[in-house]
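Student: Sharing a sequence plus its predicted fold:
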Amino acid sequence: MSGLSDAVRVIEPGKTYIGKQGFTYGAGVSKETAGAKQVCLNVLPMPPGARAKVHYHKGIETIAYLLEGECAVYYGDKLEHRVAVKAEDQVYMPEDVPHAPCNESGAPCKWLVVHSSGSDQDGIVLLPELDAMLAQRSNATA
């Protein structure tokens, strides 16, 4: 039983990292911090006007819970879809779906993000060809 107790980890706030998506995340449970293999959870604070680089997670599902504020999430092969998200809403993003959260609200927002992988940086595919399209759509809506 001592092997099990050695595996339990508490991740205290304050540790951060910069993700490929273009944000500074609050490091949570992951393979990097706790040796997680199939799930991770991180905190994503988004200042007003912030938007992610368009990306998808190859073979990885995502659940995002909006703790505070309001945010939009664009998704689809051409970012043709947009959902408005408010505090306490949850968003499920299937594997391999291009997406990007955008804070168009004028106030900060904060997400809890869970992936079905040990690290939220696993399987990320950036889609820079869609970033200009995202900027146009996001600016037109804001």
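Tutor: Done, it's in.

Student: ranges for the strands of the chain?
Tutor: If you assign secondary structure with DSSP state E, the strands in the chain sit at 16-18, 24-26, 40-46, 55-57, 62-68, 70-75, 81-86, 90-93, 99-102, 109-115, 124-126.

Student: Could you list the low-pLDDT ranges of this protein?
Tutor: Where the chain drops to pLDDT under 70, the residues are 1-5, 140-142.

Student: mind listing what the residue most central in space within the chain touches?
Tutor: Averaging the C-alpha coordinates of the chain gives a centre point, and the residue nearest to it by CA atoms, centre = their mean is residue 113 (5.1 Å). Taking CB atoms under 8 Å, 6 or more residues apart in numbering as the definition of contact, the neighbours of residue 113 are 25, 41-44, 62-65, 120. Just so you know, the C-beta spots here come from the backbone N, C-alpha and C atoms, and that holds for glycine as well.

Student: let's see it at 7 Å
Tutor: Taking CB atoms under 7 Å, 6 or more residues apart in numbering as the contact definition, residue 113 lies against 42, 44, 62, 64, 120.

Student: The nearest residue to it once chain neighbours are set aside - how many residues pack around it?
Tutor: Distances taken as CB to CB, 6 or more residues apart in numbering place residue 64 nearest to residue 113, at 4.9 Å, with adjacent residues excluded. A count of nearby residues for residue 64, using other CB atoms under 10 Å, gives 21.
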